[in-house]
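> After the sequence you'll find the predicted model.
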Amino acid sequence: MPVRWNAMGYPQKKVSEVSKNRRGRAAGKVSMALALMMAFVMAITALTGTAQARHRHAKRPAKPAVSQSAQQQSQENQAKMPKRTAEPVLRIGLQQGKSSFTVMPLADKLQLRTESSKAYPLKAAAPVEIRWQNGSFLVGKEKLKGERLQLMPAAVLTDAAHFSLSGRSYRGTLEILAKKGGLTAVNLVPLDDYLLSVVPEEMPTDWPAEALKAQSVAARSFALHNRDRHAADGFDLCTTTHCQVYTGTSAEKTAATNAIRATQGEVLFYGSEPIDALFHTDSGGMTENSENVWGSFVPYLRAVKDTANGTMPWTKEIGIAAFEQKLAAKGHNVGKIRSLSLSSLKIGKAASDRTASGRVKTMTVKGTKGTAALTGNELRSLFGLKSTLFDAKLQGSKVVFSGFGFGHGLGISQWGAERLAAGGMKYDAILHHYYADVTLKKMY
């Protein structure tokens with residue numbers, strides 16, 4: 001869990017010896033002889049105490065060195081922690097290549113302006129059409145010169161939707177870019193406001209709160225890691241499964257909102273960078289190593305056993321003729337299929353043609369015109385399989401695939417997270433189960 005700093009108190013000071021002496025004098029007069037005797041005793045006591053203090057110090061010479069080392073280690077650890085920053089604002093690409101947009105302001109005190117024009121005031125609930133013509137944006141009958149038009153508040157707005165585009169309402173600011181091929185609509189939105197739509201789109205909100213919290217942190221980390229993925233298009237992330245599903249305020253649900261607020265600013269780091277916190281629907285029993293999906297090693301995307309084995313079973317049948325045609329269309333013209341070569345699936349057990357989790361590395365297809373070796377990922381893409389955790393057999397005039405799980409198998413298994421949360425595991429433990437050697441830190 002991230003450290004949350006509170007104001008530190010100071011210890012109470014001891015009553016000084018001077019104060020004690022003053023109270024002693026106020027109690028009455030003391031004879032000179034008694035005073036001299038007390039002074040003598042105090043002097044002896046002070047000398048003895050000094051000797052004892054020196055003796056104690058001599059027995060523990062290493063203490064200052066240990067303290068200094070601990071302080072140095074603490075300073076090094078703090079140096080590795082990211083400094084608290086303001087909440088990032090993401091640029092989400094809503095639509096591209098349009099000849100015009102009709103925008104509905106949903107709040108008062110909104111205005112349109114370009115980088116070089118004066119502000120054009122708008123009224124709430126009064127739709128406005130925006131087009132591009134000869135270096136200017138046409139807003140009704142007004143021309144606003146520039147290549148970047150923003151719909152923004154003239155004053156601080158309440159926590160609600162600010163505008164509607166194509167029937168969907170959004171928080172934040174709308175920016176319209178004049179680019180080759182048409183107009184592009186971009187939503188500038190604070191990261192956690194973005195998640196208010198993403199999390200309920202990516203995970204059922206009637207699932208346990210700890211699973212929703214884990215999804216919130218993963219989605220936040222993914223967004224930061226993949227920022228600028230669409231930089232060439234003028235924005236950070238798109239609204240589809242290529243990035244994360246984002247549909248605006250209509251998707252928001254109370255349970256997801258609570259999970260996002262409870263984990264505000266929390267991000268998974270590997271070293272000094274937010275991780276690519278991938279997730280999938282169900283692992284089938286074990287997640288996968290990144291190199292078996294992407295071909296490249298990612299240290300925190302390691303295969304781990306899930307909470308249950310053989311989950312989400314599925315079957316898909318494909319006619320042999322259609323199977324042969326699809327192979328030929330992808331450059332694998334093996335003719336009439338004679339056999340399929342693939343070892344039997346055992347979840348969590350590797351083979352020469354299977355990964356450590358049991359997913360298919362390669363399957364060999366033999367035909368009358370030749371042989372083709374296809375990877376599990378190729379087969380999944382070509383035939384729309386739910387995962388690469390499968391068996392394949394020829395049965396009569398069909399090729400029958402039977403497998404488990406749903407998705408690429410990297411990172412969080414969402415159904416696995418649901419089962420872990422239902423069993424009482426907290427969200428930070430769920431995250432550390434699926435992502436190896438990562439650190440959970442609070443950024444803002």
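Cool, got the structure. Residues are numbered from 1 along each chain as shown.

> Touching stretch 366-378 from outside, list them.
293, 324, 327, 330, 332-341, 359-365, 382, 388, 390 (Cβ atoms under 8 Å, 6 or more residues apart in numbering). From N, CA and C alone the C-beta is placed, and that goes for glycine too.

> if we go to 7 Å?
With contact meaning Cβ atoms under 7 Å, 6 or more residues apart in numbering, stretch 366-378 is reached by 293, 327, 332-339, 341, 359-365, 388.

> Which members of those are positioned in helices?
residue 327 (DSSP state H).

> ok, residue 395 - contacts?
Counting by Cβ under 7 Å, 6+ apart, there are no residues that residue 395 touches.

> That one and residue 350, how far apart?
From residue 395 across to residue 350, the span is 26 Å (Cβ to Cβ, to the nearest Å).

> Please apply the same query to residue 101.
Per Cβ to Cβ, residue 101 is found 53 Å from residue 350.

> and residue 419, which of the three is it?
helix (DSSP: H, G, I helix; E, B strand; the rest coil).

> Check residue 113 too.
Under three-state DSSP, residue 113 falls in the strand class.

> Now do the same for it: its pLDDT.
At residue 113, the model reports a pLDDT of 93.

> Contact partners for it?
By Cβ under 7 Å, 6+ apart, residue 113 lies in contact with 119, 120, 150.

> Pull the contacting residues for the closest residue to the last one other than its chain neighbours.
By that I understand residue 150. Closest residue to residue 150 apart from its sequence neighbours, by Cβ to Cβ, 6 or more residues apart in numbering: residue 175 at 5.0 Å. Contact analysis of residue 175 by Cβ under 7 Å, 6+ apart lists 148, 150, 186, 188.

> The residues you listed into CSV, with extra columns for secondary structure and pLDDT?
As requested, the contacts of residue 175 are exported to CSV (DSSP: H, G, I helix; E, B strand; the rest coil; pLDDT from 0 to 100):
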residue, secondary structure, pLDDT
148, strand, 95
150, strand, 94
186, strand, 98
188, strand, 96
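
> just these now: which is nearest residue 110?
Of all the contacts of residue 175, residue 150 has the smallest distance to residue 110: 10.2 Å, by Cβ to Cβ.

> Quick one: the strands in the stretch 301-444 of the chain, in order.
Secondary structure of the stretch 301-444 of the chain (DSSP state E, counting those that start in this stretch): strands at 313-319, 337-341, 362-367, 370-375, 390-395, 398-404, 412-413, 439-442.

> between the ones you listed, which one is nearest to residue 212?
Minimum separation from residue 212 across those (Cβ to Cβ) falls at strand 412-413, 12.0 Å.

> what about that closest one, average pLDDT?
98.

> chain center to that strand: distance?
Relative to its parent chain, strand 412-413 has a centroid offset of 12 Å by Cα atoms, centre = their mean, to the nearest Å.

> Neighbouring strands of that strand in the sheet, and parallel or not?
strand 279-280 (parallel) (DSSP bridges).

> What mean pLDDT does the partner strand get?
Strand 279-280 carries an average pLDDT of 98.

> Stretch 262-276 too?
For stretch 262-276, the mean per-residue pLDDT is 98.

> likewise stretch 371-381?
Here stretch 371-381 scores 97 as its mean pLDDT.

> repeat for stretch 218-229
97.

> And for it, what's in contact with it?
Counting by Cβ under 7 Å, 6+ apart, 88, 90, 191, 194-195, 198-199, 202, 236-237, 243-244, 266-268, 274-277, 279, 412, 431 sit against stretch 218-229.

> do the same with stretch 291-300
Against stretch 291-300 from outside (Cβ under 7 Å, 6+ apart): 270, 275, 290, 355, 359, 377, 408-410, 435-438.
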